[in-house]
Each structure stands twice: as structure tokens, then as C-alpha cells.
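**Student:** I would like the atomic coordinates for the input below:
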Amino acid sequence: MDAELTQLEAQLEQLISHHGVLRTENLSLRARLMQLEAENRQLSDKVRLAAERLEAVLEKLPEA
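**Tutor:** Numbering: from 1, shown residues only. Below you'll find the model as predicted:
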């Protein structure tokens, strides 16, 4: 009985430790996701602006 209790305690400690590691990793991944989403928005804005500028230039070109 004592051996089983000791084993359960060890497993519980391992589970708690694993939970802490995963929680830290999850927080890190969420922060990275937010950073990448912000970068994605910036790049999308740049692409949209470049497309608008290109359209403006193409409209100024005489038709051949």
C-alpha cells in the first residue's frame, strides 16, 4: 500500500511538473502567435499598398 501511494505521489509530481512546462510553452507560443499575426497584418498592408500603387501606375500608361 505504501509503495502504491509513493508511486502515485511520484506520478502526481511528474504530472504537475509537466503541466508547468506545458503552461510555460503555451504562453510562449501565444506570444509568438500574436507577434506573427502583427507581422502578417503589416505585410498584408504593404502588399495592398503596393498593389494600389501598381494599379495607379498602370492606369496612367497609355493604351497601346
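
**Student:** How many residues are close by Glu9?
**Tutor:** 10 (other Cβ atoms under 10 Å). C-beta here means a position set from N, CA and C on the backbone, and glycine is covered the same way.

**Student:** Run through the protein and note the low-pLDDT ranges.
**Tutor:** When residues are selected by pLDDT under 70, none of them lie in the chain.

**Student:** Need the residue closest to the centroid of it.
**Tutor:** Leu33 (1.8 Å; Cα atoms, centre = their mean).

**Student:** And it, how far from Glu39?
**Tutor:** 11 Å (Cβ to Cβ, to the nearest Å).

**Student:** Name the residues contacting each of the two.
**Tutor:** Common contacts of Leu33 and Glu39 (Cβ atoms under 8 Å, 6 or more residues apart in numbering): none found.

**Student:** Distance from the helix or strand harbouring the residue nearest to the centre of the chain to the middle of the chain?
**Tutor:** Using DSSP states H and E, Leu33 sits within helix 2-60. The chain centre lies 2 Å from the centre of helix 2-60; the measure is Cα atoms, centre = their mean, to the nearest Å.

**Student:** Likewise for stretch 46-64?
**Tutor:** 33 Å.

**Student:** Done for today, thanks.
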